[in-house]
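**Student:** how would this look folded up:
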Amino acid sequence: MRRWIRAVLLVLGLLFGESLCFGLGSFWQSPSPTPSQAAELLKAICPSSIAGDPPSGCRPCPKYTSVGDSWPENVQELFKLDTVLYGSFTAAGAEEALAGFSGCESHATGFGGTILLNKVSGAWVMVKYIQAWGTGACRIYHLRTGRDLLLCAGEYHNMGGGSEYIWLSSISRDDQSLSGRNVIEVIDTRPACDDHPVWGTIDKAELHDLNGDGVPDLTVWLSLGQGASLCDVDTSKETVQKLKLDFLFQQDTESFVPTLSSKGLIASHRAFFKTDN
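**Tutor:** Residues are numbered from 1 along each chain as shown. Below is the predicted model:
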């Protein structure tokens, strides 16, 4: 059985490369555009190559994608418009959209990306394509300044392990570059078939004001397990515990910081977390 599982993992690694990346599904699922929204956005993104009826994306792959730029044999792949988020991402009062696309990118470039658009004189204008940035599981976080951040969830998996994370990101006003940091990241070492594997999953997350300052804070519920790897036939020795963590939003640094009690819980369960904050 162990050999069979290892063989499956090996085949997956050979097919998909070093890592396998998936979205978190329904966790804060970003909205899909309506047909009229898609038509407006695609008119700005690929006016001469809109595909589908109703419009669903671009074909052939735009030149700014890695397939459109260097893989002519796959250029007829659909650059599919999946999601759209509206807000003021680079500056307060800006009328902007983040359009999430899949396709026309390799595994190394995230199988897609996101396009920033700005509305000028009533029409959308494409500003920048951010390769490998997935916005399919995001929620807009409104700042008091009138600018918007994105709070997103994601997963990362490879043959040696993986992780689930919540990430807070922002877009620069000057050059529209993307920046951000993980709020929390739990790891999964079961695929490596080590003697003492651990794993964590993000079960639920909510935004609500925890300290009465009128600003939404973040609460996260986790499941943490240990004792059985993917190579173990007997999983009866596995133990699972639940954890609830609170993060307060700091307006001066535009970041979520764990409360004192949650910081202590993270420290006492440090084997389950990737800590870079």
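
**Student:** which non-adjacent residue is nearest Ser32?
**Tutor:** Spatial nearest neighbour of Ser32, excluding adjacent residues (CB to CB, 6 or more residues apart in numbering): Thr83 at 5.9 Å. Quick note: C-beta positions are derived from backbone N, CA and C, even for glycine.

**Student:** who's that neighbour bridged to?
**Tutor:** Using DSSP bridges, the bridge partners assigned to Thr83 are Gly100.

**Student:** what's the spacing between the residue lying closest to Leu41 once chain neighbours are set aside and Asp53?
**Tutor:** Closest residue in space to Leu41, ignoring its immediate chain neighbours: Ala99 at 5.3 Å, by CB to CB, 6+ apart. Applying CB to CB, to the nearest Å, the value for Ala99 to Asp53 is 19 Å.

**Student:** with Asp194 instead?
**Tutor:** 52 Å.

**Student:** of the two, which one has the most company?
**Tutor:** Per other CB atoms under 10 Å, whichever of Asp194 and Asp53 has more neighbours is Asp194, with 13 against 7.

**Student:** what does whichever helix or strand Asn182 is part of rub up against?
**Tutor:** For Asn182, the element it lies in under DSSP states H and E is strand 178-188. Contacts to strand 178-188, defined as CB atoms under 8 Å, 6 or more residues apart in numbering, come from residues 130, 133, 150-151, 157, 161-172, 198-202, 218, 220, 222, 224, 245, 247, 255-256, 272-274, 276-277.

**Student:** the stretch 151-277 of the chain: helices as residue ranges?
**Tutor:** For the stretch 151-277 of the chain, applying DSSP state H, counting those that start in this stretch gives helices covering 260-268.

**Student:** returning to that earlier point: report the contact partners of the residue nearest to Leu41.
**Tutor:** So Ala99 contacts 33, 41, 45, 81, 83-84, 114-115, 117 (CB under 8 Å, 6+ apart).

**Student:** okay, now the unreliable bits of the stretch 101-250 of the chain?
**Tutor:** Within the stretch 101-250 of the chain, the stretches with pLDDT under 70 are 233.

**Student:** what about the strands in it?
**Tutor:** For the stretch 101-250 of the chain, the strands defined by DSSP state E, counting those that start in this stretch cover 112-120, 123-131, 138-142, 148-158, 161-171, 178-188, 198-208, 217-226, 239-250.

**Student:** which one of these lies closest to Ser261?
**Tutor:** Set against Ser261 and scored by CB to CB, the strands of the stretch 101-250 of the chain come closest in strand 239-250, at 7.5 Å.

**Student:** how far off centre is the strand holding Asn182?
**Tutor:** Here strand 178-188 is found 9 Å from its chain centre; the criterion is CA atoms, centre = their mean, to the nearest Å.
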